[in-house]
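S.K.: With the input below, show me the fold.
(3 chains)
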Amino acid sequence: MAESLLWSLLVAFLLGCLALAAASLDGALAARGRGAGILAGGWSAPLAETARLMRQRRRTLVAADVLLWRTGGAALLVVALLKVVVVPVDGSALADLAVGVVWFNAMDVTVWAAVWLTGWGANSAHALIGGYRFLAQGLAYELPLMFALTAPAVAAGSLRLAEVEAAQQGGAWFVLWMPVAFAVYCLGVVAFSVWGPLSVAAGVDLAGGVLSELSGVDRLLVLAGRYALLAAGAAFAVPMFLGGADGPLLPGWAWFALKTVLLLSVLVVLRHRLPALRPDRFVEVGWLVLLPAVLLQVLVVSVVAVWRY
Amino acid sequence: MTLEAVLVVAAALFSVGLYGAISQQVVVMVMMGLELMLNGVILAAAGFWWFLSPEPTGQVLLLVVIAAMTLEMAMGFAVATLLHRSRGSDMTDMATDLSR
Amino acid sequence: MVESVVFWVLAVVAVASGVAVFRVDSMARATYALAVSFVAVGLALLLVDLHYIGVITVLMMVMEMAVMAVYMVMFMGMNPALMPMSMVHDNRAAVAAAVSTFVVLAGGALLVPWPSRRQPDPGTVVGTVEALGEAIMGSKMLVMLTMSPAMVATIVAGVVLAGARGRYDRLGDDLDRRPDDPQRGGVGR
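M.R.: Predicted coordinates:
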């Protein structure tokens, strides 16, 4: 009991480190985008911002639904922690559920509720529009994401993440023969982290959207939650698509860390490379392009899985 | 945790849902009452499955109940949208055309 | 023992939030109280080894409540401020019906002599999730085959009922015009 508590704290700490690393990279890229040079202090932006937010006053609004608002804000970080509970590092996870893949899916649906509640509870027009934008975009990406999560489970014949990781031993990583599923999965991670191309819920044109009325420690929780979700999504992709701890020379956990950090860096860089997509246009792309592509991918994977038997 | 305990809780959920389904004036609240009733049904079915015959194939009934609940909600919201669009009202009392 | 405590906690949460659906002062709170009730039942299903169905219940119901909240606000036009709302008709008859139903059902649950647990066949050692998968794709595939056209019919019927404009409004009488939607989609049609 005490041992599992210590492991849980370690996992939470590692998730926090990954989130901080992602925030630092994002700060550095933003500083470079402003023309300030890559070593000019963008790296320390998350720590400076944390210090600033911790002593900033929390905002109170007229007739805000405080219970729902704070619940939504705090839920993002909690959901990120719940997601990494099932991720196996070199075969052993905190809680290797028999339905680990579905658990991850259930948690990223909870993000829908969390972001909408953050937008609704503030009793402010910009925040509300941000919340609604997130739901509109959610209708587009969620179904392709669900099917993209099904593909590795079909190939491995199990919903348990340790078995999905074990099915990729010896170099037969799933990303090599399910690239469409991997791409859609990455898009899903970006979407539920309110990040980059799918960040209109927190968009600049809405004065920050769901972030607009947050200040102080509430804002810190939501911003940290976004980075933590990005890190959790990257960590989950490693046993699902990138072979987990598979790799030649280094020990298993080193490969896991390496792959997670690489994928997380790619996802962070996406924000500075791709423009934000409008949800009304993205909906059509999601249903007419992504969904058929992912279904075809799952068909290919299923045929291969049946043929292997 | 016995079968009787699970069934009593399921009966409580079902009764609360029944209260909502009968007493609410707004169509969407009636549907929330119906969802609570089906929630009780799911819990009761799970209790029966576990305590009486834990066969793997028995879980399919639960999946069917969940699917039926989803279908019912979809149709209910479509009808509520149509009602709102054509009459501008969301009250069940404004939709009593077929009653005496 | 721990299992029993967890079950009773979840049971109290489920019923209390079920009652809260009809007592709270805001539509969003009512919707999410129902979501909490469903999550509690989903977690209770995890206690009886229904892993897949428990997690699926949580997943589907949270998503459904998120969308339902949008519908609630759309139809009832409420803002996030809390205002007392109680729109009931026939309250006493409803309470009477609910109480009598509970008495009958709970009485039946407590008084009926339930049979003892049928032991699973000694040959089956597969875990619950794998067995469920084999059941769905094997002996119970007819059930799944029947659900599919029901779901397709629901999708089509829902869109038909709820859509404001039909094909001919969008594409002209010969279905050959470019669609004139107020907002163009992203695929360029």
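S.K.: rest of the way, CA atoms for contacts and neighbours
M.R.: OK.
S.K.: Which elements pack onto the worst-scoring helix or strand of chain A on mean pLDDT?
M.R.: Ranked by mean pLDDT, DSSP states H and E, the weakest helix or strand in chain A is helix A:279-285, scoring a mean of 88. Packing contacts for helix A:279-285, counted by 3 or more CA pairs under 8 Å, 6 or more residues apart in numbering or on different chains; DSSP states H and E, involve helix A:125-156.
S.K.: which residues of the stretch 51-200 of chain A score low on pLDDT?
M.R.: Scanning the stretch 51-200 of chain A for pLDDT under 70 picks out nothing.
S.K.: which stretches of the chain form helices?
M.R.: This is for chain A. Here chain A has its helices, by DSSP state H, at A:2-33, A:45-54, A:66-84, A:100-121, A:125-156, A:161-166, A:174-177, A:179-192, A:217-241, A:252-273, A:279-285, A:291-308.
S.K.: um, chain C though
M.R.: Here chain C has its helices, by DSSP H, at C:2-21, C:27-47, C:51-76, C:91-111, C:128-137, C:141-162, C:167-171.
S.K.: To A:R55, which of those lies closest?
M.R.: helix C:27-47 (30.6 Å; CA to CA).
S.K.: So is the closest one next to chain B?
M.R.: Yes: Helix C:27-47 is in contact with chain B by CA under 8 Å from any CA of the partner chain, via C:L34, C:F38, C:V41, C:L45.
S.K.: how many neighbours does C:M83 have?
M.R.: 13 (other CA atoms under 10 Å in any protein chain shown).
S.K.: Report how many residues lie close to residue 87.
M.R.: No chain in the question, so chain A it is. 30.
S.K.: Hmm, no, I was thinking of chain B.
M.R.: Neighbours of B:R87 (other CA under 10 Å): 12.
S.K.: Please report the distance of it from chain A.
M.R.: Here B:R87 is placed at a distance of 25 Å from chain A (CA to the nearest CA, to the nearest Å).
S.K.: which of the residues of helix C:27-47 next to chain B lies closest to C:S86?
M.R.: C:L34 (16.8 Å).
S.K.: Show the contacting residues for that closest one.
M.R.: When contacts are counted by CA atoms under 8 Å, 6 or more residues apart in numbering or on different chains, C:L34 touches B:M32, B:L36, C:S17, C:G18, C:V21, C:M65.
S.K.: How about C:I56?
M.R.: Per CA under 8 Å, 6+ apart, neighbours of C:I56: A:V102, A:A106, C:G42.
S.K.: Give me the distance from stretch B:47-61 to the chain's centre.
M.R.: 21 Å (CA atoms, centre = their mean, to the nearest Å).
S.K.: Look at it and report the distance between its end residues.
M.R.: One end of stretch B:47-61 sits 13 Å from the other (CA to CA, to the nearest Å).
S.K.: contact partners of that stretch?
M.R.: B:2-3, B:6-7, B:46, C:48-50, C:53, C:115-120, C:128, C:131-132, C:135-136, C:139-140.
S.K.: Closest to A:A237 out of the contacts of C:L34?
M.R.: C:M65 (27.5 Å).
S.K.: Now do that closest one against chain B, distance only.
M.R.: Distance from C:M65 to chain B, by CA to the nearest CA: 10 Å.
S.K.: nearest to chain B, of the contacts of C:I56?
M.R.: Set against chain B, the nearest of the contacts of C:I56 by CA to the nearest CA is C:G42 (8.5 Å).
S.K.: Next, count neighbours for that closest one.
M.R.: Neighbours of C:G42 (other CA under 10 Å): 27.
S.K.: Any buried residues in stretch C:141-161, and which?
M.R.: Within stretch C:141-161, the residues scored as buried using 16 or more other CA atoms under 10 Å in any protein chain shown are C:M147, C:M151, C:T154, C:I155, C:A157, C:G158, C:L161.
S.K.: of those, list those near chain B.
M.R.: Restricting the buried residues of stretch C:141-161 to those within reach of chain B (CA under 8 Å from any CA) leaves C:M147, C:M151, C:T154, C:I155, C:A157, C:G158, C:L161.
S.K.: Can you pull out the low-pLDDT segments for chain C?
M.R.: C:120-127, C:189.
S.K.: Might you name the residue of it sitting closest to chain A?
M.R.: C:G186 (3.8 Å).
S.K.: How about the contacts made by the closest residue to that residue other than its chain neighbours?
M.R.: Closest residue to C:G186 in three dimensions, ignoring its sequence neighbours and counting by CA to CA, 6 or more residues apart in numbering or on different chains: A:R281, at 3.8 Å. By CA under 8 Å, 6+ apart, the contact set of A:R281 is C:R184, C:G185, C:G186, C:V187.
S.K.: can you check A:F192 too?
M.R.: Taking CA under 8 Å, 6+ apart, one finds A:D108, A:V111, A:W112, A:L229 in contact with A:F192.
S.K.: so the last one sits right up against A:V78, yeah?
M.R.: It refers to A:L229. No: no contact is recorded between A:L229 and A:V78 when judged using CA atoms under 8 Å, the distance being 9.5 Å.
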